[in-house]
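Student: Quick one, fold the following:
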Amino acid sequence: MANPFEFLQQVRAEASKVTWPTRRETLVSTGLVILMVIVASIFFVAVDWSIKNILGFILTLGKS
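Tutor: Next up, the predicted model:
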């Protein structure tokens, strides 16, 4: 087993290799995620509403 000091040195060395996104990249990515969530929500609401109406129409045909 490695000692804790050596482990922390290795962690720091690996962390320095990471390419961190810029503030602008982070904001653009966040905006795109929020936009896609909104688009997906609208899509699923529309599909749900359509299925509800189609099934409602089919079930009212059976009452006659």
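
Student: Below-threshold pLDDT in this structure: ranges please.
Tutor: Residue ranges of the chain with pLDDT under 70: 1, 64.

Student: From residue 18, how far off is the residue nearest the centre of the chain?
Tutor: For the chain, residue 33 is the residue whose C-alpha lies nearest the centre (CA atoms, centre = their mean; 6.2 Å). Counting by CB to CB, to the nearest Å, the gap from residue 33 to residue 18 is 21 Å. Just so you know, the C-beta spots here come from the backbone N, C-alpha and C atoms, and that holds for glycine as well.

Student: For residue 17, grab phi and psi.
Tutor: Taking degrees, to the nearest 10, you get phi -80, psi -10 for the backbone angles of residue 17.

Student: OK, contacts around it?
Tutor: Listed by CB atoms under 8 Å, 6 or more residues apart in numbering, the contact set of residue 17 is empty.

Student: Could you measure from it over to residue 11?
Tutor: Distance check for residue 17 against residue 11: by CB to CB, it reads 11 Å.

Student: Spit out the contact partners of residue 10.
Tutor: Residue 10 touches residue 2, counting by CB under 8 Å, 6+ apart.

Student: where's it relative to residue 54, distance?
Tutor: Using CB to CB, residue 10 is found at 60 Å from residue 54.

Student: Just give me how far the helix or strand containing residue 28 sits from the chain centre.
Tutor: Using DSSP states H and E, residue 28 sits in helix 23-63. Computed by CA atoms, centre = their mean, to the nearest Å, the chain-centroid distance of helix 23-63 equals 14 Å.

Student: Repeat that for stretch 7-26.
Tutor: Remark: stretch 7-26 is offset 23 Å from the chain centroid, using CA atoms, centre = their mean.
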